[in-house]
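Asker: turn this into a model:
(chains A and B)
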Amino acid sequence: MATTAEIVARAEALYQDLDFTAAREWKSAAEGRKVVGYMPIYVPREIIHAAGMLPLGVLGGGDQLEVIHGDAYYQSYICRIPRSTIELGVSGKLDFVDGMLFPSICDVIRNLSGMWKLMFPEVLAKYFDVPQNYIDEIGGNYYVNELQELREELEKLGGAKITDDALRASIAVYNDNRKLIRELYGLRAETPWKAPSAEVYLVMRAGLVLPVEAHNEMLTDYIGVARAEDRPMRDNCRIVLTGVFCEQPPLNLIKSLELAGCYVVDDDLLLITRWLIGDVPTDGDPIQNLADAFLHHSESTAAKYEPSQEEKGKFLVRQVRDTNAEGVIFASPSFCDPALLDRPMLQNVLSDAKVPYIAFKYAENSGQMQPIREQAGTFADSIKLWSGA
Amino acid sequence: MTTTAKRPDPKDALKDASMVKQKDMMAGHYERLSRVEETGEGKVAATFVPGNLNELIMCFDLVNNLPEVNAIQSGLRKQSGGYVMDAEKAGHSEDVCTYVKSDIGMMARGNIGPHGKKLPDPNVLLLSYTGCFTFMKWFELLREQYNCETIMLHTPYTGDGKITRNMIEYMVKQLKEQVIPTLERVSGVKFDIDRLREYLKKSAQAEDDLVWVLQSAKNKPSPIDAYFGGIYYIGPIFGAFRGTDDAIDYYRFLREEVEDRVAKGLGPVTPDGDMGEEKYRLVTEGPPNYTNFRQFWKMFYDEGAVVVASSYTKVGGVYDLGFRHDPDKPLETPAEYCLGGYTNRSLPQRVDMLANYINEYEADGLLVNSIKSCNSFSAGQLLIMREVEKRTGKPAAFVETDLVDPRYFSAANVKNRLESYFQMIDQKRSGQRIKGAA
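Answerer: Numbering: from 1, shown residues only, chains lettered A, B, ... in the order given. As a prediction, the model looks like this:
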């Protein structure tokens, strides 16, 4: 069996490969294969998978991509993920992608869906809307029809029907994926020194470019060896990292937090992998089951409306309690409307619950980690010194 | 239906009857809000301009209060800068919408309205979620402050450039099963669909006259400025007056005045009186800056530039493309209205609209005013510019300001860019002449 270092090295190579070689190889391995890209934060990958296509997470260009063309499409006060995504498109790095889905997260990603239509007319570009109403007969019916519409568009793209049985099988394999990820997050929350966050992130991120079956194998292997491996425990505090659900922080930022004395025991990175909480039923109407899961068993985040004032932000307090965290770090991408508009409300809820927090901003290409390390280090010290007071 | 209101006698010779009428309407509305605050009688619904369901709100005798309009008023009165900074000191990011921060800052200083009196707390927040992500967070923030009933009406985005049956059914269901029952409960007034139909009928009547006024800019010279002047024209119909006799009267007066200007071959009225020679005809994209509104406008009319069509005057309804409130479809028509608003349209639709404006209004080009804190408008505008240039062959230009944050209005930069743009248009014209002569 591979060691953690070998698994992580493979995951890191996938993460750094902005040519998406693995996905290209998957596509060229058989005639007629299609790849459908998606942006944060959630699309039902089960439907793409059931169409025999590869769902491919497109999360911007990170800190390794030089943005040359992308900046010409955006003013200086707009976040970085759309400009690096445009860069990926214009520079041909996504020329093998047959469809792109733009989820309902904010106005920037929403408008990017229209830009994609204009710039890449040969690609199926679709804004994927989700209900902000969680009543079965209202938002539920709307969402079932939207899912059905997506199914039909993918059928047209692939030239074949997506059967209910294929959907049920895809739900089952993604249920396995969700179960393994719950296990991985549980392992990290329990023993964060055994599953450092940068490793967890890379292993999770690999799931956005690999077929889910291959990712399940990687997760199984990593959990097995990480659990068995003996690693030194640091005198770190335990924090929840939040606000990182769209534009990705640089890997160095995640590493810096742990080096500065903060074990990340929960986060909202790569939310698509944990968006649906628990298993989706594999019997009955698969589209209805996906809709029910979204409506009633999905994560809370800034891009979703919270109908109840009493519930607003409580998910974060629960995350803190469930993982025995001692504080929260709000890391928000610069100019990110969802994260930054939500932040004051979440901070009020944490204050009421007497949970300490700090906040800073980043961009996917932030290079200077020293200020973040100092801020996180001071936060860790203050927790260790005064949390018992 | 025709109303019989008489034209107001403008006391001030520089003001047209429509201006006097609008001033009275706005003052009356704010007084009505203050009475609610002072007497506790009546109830208030806060909502947004895009997706403003004024006819429905009136069915429940609720008074409509629009936080965006309050922020604009604060901007025009040079108060928003302080409000925005107060909100930032309280923890709101410098990166987010300045309407929101102006509103929150105003609340923190006692919620004093533009008329110098306290605005009432809303009894209900009608979160008409149309065309702008920030709306959702804005009303979550207000709900935290007011702790009052909040109704979410979700308008799906028309990303594929079409309104589907599924979208309309979703919205009608929300109206029937959630919005209307909650408004009944909050107001204590039973819903009467015939009352709604009456208001919708009145809306359509005013909308006809508004469209006539906006399309009068096809004349040369244009009798109106469809951006700076247009903001005054849309005030009543985007605000608390759609569906009222007041709105019908206002737009009738306005139309008569514009008809008169067309007959006399006059250009638009500006704050400095009639505009001189029309030298440049522009289409604009994006909201204006409100903290330096007159200074911004002056940079145009001093150069003989008139805006003949603008996208901003369509955020509260794209009536010139044919939409009218329809009393025969009392619940579908508000849904279609929300779905069809400018900022709820896909980017390709926005490009089509702007390119068509340039052609139909025989404009010299497109000017984008990119707003720092409005991603709904701004994200994608640089591509819009290129596409419109490509399709029309007319030059496009770009200035950057903000809605109500004075820190982002740099007069020298804006003026410089505008002057360069006008030179560009001149060059394009002279180039065409040389080509024609060759």
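
Asker: what's around the residue in the stretch 151-300 of chain B that chain A sits nearest to, how many residues?
Answerer: Distance from chain A to each residue of the stretch 151-300 of chain B (CB to the nearest CB) is smallest for B:Gly159, at 2.8 Å. From N, CA and C alone the C-beta is placed, and that goes for glycine too. For B:Gly159, the count of nearby residues is 24 (other CB atoms under 10 Å in any protein chain shown).

Asker: contacting residues around it?
Answerer: Going by CB atoms under 8 Å, 6 or more residues apart in numbering or on different chains, B:Gly159 touches A:102, A:110, A:113-114, A:126-127, A:129, B:346.

Asker: from the residues you listed, which is closest to B:Asp121?
Answerer: Nearest to B:Asp121 among these: A:Arg110, at 31.9 Å, using CB to CB.

Asker: from chain B, how far out is the closest one?
Answerer: Separation of A:Arg110 from chain B (CB to the nearest CB, to the nearest Å) stands at 6 Å.

Asker: surely that residue is in contact with A:Phe102?
Answerer: Yes: A:Arg110 is within contact range of A:Phe102, at 6.8 Å (criterion: CB atoms under 8 Å).

Asker: which residues do these two both contact?
Answerer: Residues touching both A:Arg110 and A:Phe102 by CB under 8 Å, 6+ apart: A:127, B:159.

Asker: if I pick A:Leu219, what's in contact with it?
Answerer: Residues near A:Leu219 by CB under 8 Å, 6+ apart: A:177, A:180-181, A:183-184, A:203, A:207.

Asker: just to revisit the earlier point, can you tell me which two in the contacts of B:Gly159 are farthest apart?
Answerer: Between any two of these (CB to CB), the greatest distance is 13.5 Å, for A:Gly114 and A:Asp129.

Asker: compare those two (neighbour count), which wins?
Answerer: Applying other CB under 10 Å to A:Gly114 and A:Asp129 shows that A:Gly114 carries more neighbours, namely 27 against 22.

Asker: and for the more buried one, nearest residue in space, chain neighbours not counted?
Answerer: B:Leu347 (2.6 Å; CB to CB, 6 or more residues apart in numbering or on different chains).

Asker: about what we covered before: which of the contacts of A:Leu219 has the largest number of neighbours?
Answerer: Neighbour counts for these (other CB under 10 Å) peak at A:Val203, which has 28 neighbours.

Asker: where does that one fall, secondary structure wise?
Answerer: helix A:197-206 (DSSP states H and E).

Asker: residues near residue 146, how many?
Answerer: Picked chain A for this. Neighbour count of A:Glu146, defined by other CB under 10 Å: 22.

Asker: that's the wrong chain, I wanted chain B
Answerer: Neighbours of B:Tyr146 (other CB under 10 Å): 18.

Asker: which residues touch it?
Answerer: Contacts for B:Tyr146 (CB under 8 Å, 6+ apart) come out as B:121-122, B:125.

Asker: just these that are near chain A?
Answerer: The overlap between the contacts of B:Tyr146 and the neighbours of chain A (CB under 8 Å from any CB of the partner chain) is empty.

Asker: could I get the full set of helices for the stretch 151-300 of chain A?
Answerer: Taking DSSP state H, counting those that start in this stretch to define them, one finds helices in the stretch 151-300 of chain A at A:164-190, A:197-206, A:212-228, A:251-259, A:286-296.

Asker: can you list the ones you listed in a markdown table and add mean pLDDT?
Answerer: Below are the helices of the stretch 151-300 of chain A laid out as a markdown table (pLDDT from 0 to 100):
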| stretch | mean pLDDT |
| --- | --- |
| helix A:164-190 | 98 |
| helix A:197-206 | 98 |
| helix A:212-228 | 98 |
| helix A:251-259 | 97 |
| helix A:286-296 | 98 |
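
Asker: out of those helices, deepest packed?
Answerer: helix A:197-206 (a mean of 23; mean count of other CB atoms under 10 Å in any protein chain shown).

Asker: what helices and strands are in contact with that one?
Answerer: helix A:4-16, helix A:164-190, helix A:212-228, helix A:251-259, strand A:262-267 (3 or more CB pairs under 8 Å, 6 or more residues apart in numbering or on different chains; DSSP states H and E).

Asker: distance from that helix to the middle of the chain?
Answerer: From the chain centre to the centre of helix A:197-206 is a distance of 11 Å (CA atoms, centre = their mean, to the nearest Å).

Asker: follow-up on the earlier one: would you turn the helices of the stretch 151-300 of chain A into CSV with distance to B:Glu389?
Answerer: Output for the helices of the stretch 151-300 of chain A, formatted as CSV (distance: least, CB to CB, whole Å):
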stretch, distance to B:Glu389
helix A:164-190, 45
helix A:197-206, 39
helix A:212-228, 44
helix A:251-259, 39
helix A:286-296, 41
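
Asker: nearest to A:Gln75, of these?
Answerer: Closest to A:Gln75 of the helices of the stretch 151-300 of chain A, according to CB to CB: helix A:251-259, at 24.6 Å.

Asker: which outside residues touch that closest one?
Answerer: Here helix A:251-259 has contacts from A:15, A:62-63, A:196-198, A:201-202, A:234, A:236, A:239, A:241, A:264, A:329, A:331, A:362, A:366, A:369, A:372-373, A:376, using CB under 8 Å, 6+ apart.

Asker: so among those, which ones count as buried?
Answerer: Restricting these to buried positions leaves A:15, A:62-63, A:196-198, A:201-202, A:236, A:239, A:241, A:264, A:329, A:331, A:362, A:366, A:369, A:372-373, A:376, with burial counted as 16 or more other CB atoms under 10 Å in any protein chain shown.

Asker: nearest to A:Thr4, of the contacts of A:Leu219?
Answerer: Closest approach between those and A:Thr4, by CB to CB: A:Val203, at 9.2 Å.

Asker: now do the contacts for the closest one.
Answerer: For A:Val203, the contacting residues are A:7-8, A:11, A:184, A:218-219, A:222, by CB under 8 Å, 6+ apart.

Asker: low-scoring stretches of chain A, by residue?
Answerer: A:388-389 (pLDDT under 70).

Asker: name the next helix or strand downstream of the host helix or strand of B:Arg281, please.
Answerer: Using DSSP H and E, B:Arg281 falls within strand B:280-285. Downstream of strand B:280-285, the next assigned helix or strand under DSSP H and E is helix B:293-301.

Asker: quick check: angle from that next one to strand B:280-285?
Answerer: Orientation check (axes from the mean of the first three to the mean of the last three CA atoms, to 10 degrees): helix B:293-301 against strand B:280-285 gives 140 degrees.

Asker: returning to what we had before: by neighbours, which of the contacts of B:Gly159 wins?
Answerer: Result: A:Phe102 is most packed of the contacts of B:Gly159 (other CB under 10 Å), 29 neighbours.

Asker: surely it is in a strand?
Answerer: Yes: counting by DSSP: H, G, I helix; E, B strand; the rest coil, one finds A:Phe102 located in a strand.

Asker: look at the residue nearest to it when sequence neighbours are not counted and give its secondary structure.
Answerer: Computed as CB to CB, 6+ apart, the closest residue to A:Phe102 that is not its neighbour in sequence is A:Ser113, at 3.7 Å. Of the three states, A:Ser113 takes helix according to three-state DSSP.

Asker: ditto for A:Ala331
Answerer: strand.

Asker: surely it meets A:Leu241?
Answerer: Yes: A:Ala331 lies in contact with A:Leu241 (CB under 8 Å); the separation is 6.1 Å.

Asker: so what's the closest residue to chain A within the stretch 301-438 of chain B up against?
Answerer: Across the stretch 301-438 of chain B, the shortest distance to chain A (CB to the nearest CB) belongs to B:Leu347, at 2.6 Å. Residues in contact with B:Leu347 (CB under 8 Å, 6+ apart) are A:111, A:113-115, A:117-118, B:380, B:383-384.

Asker: for B:Lys117, same thing?
Answerer: Per CB under 8 Å, 6+ apart, neighbours of B:Lys117: B:30, B:34, B:37.

Asker: so which of those residues are in strands?
Answerer: With strands defined by DSSP state E, no entry of the contacts of B:Lys117 lies inside them.

Asker: could you identify which of those residues has the most neighbours?
Answerer: In the contacts of B:Lys117, the most neighbours by other CB under 10 Å go to B:Tyr30, 20 neighbours.
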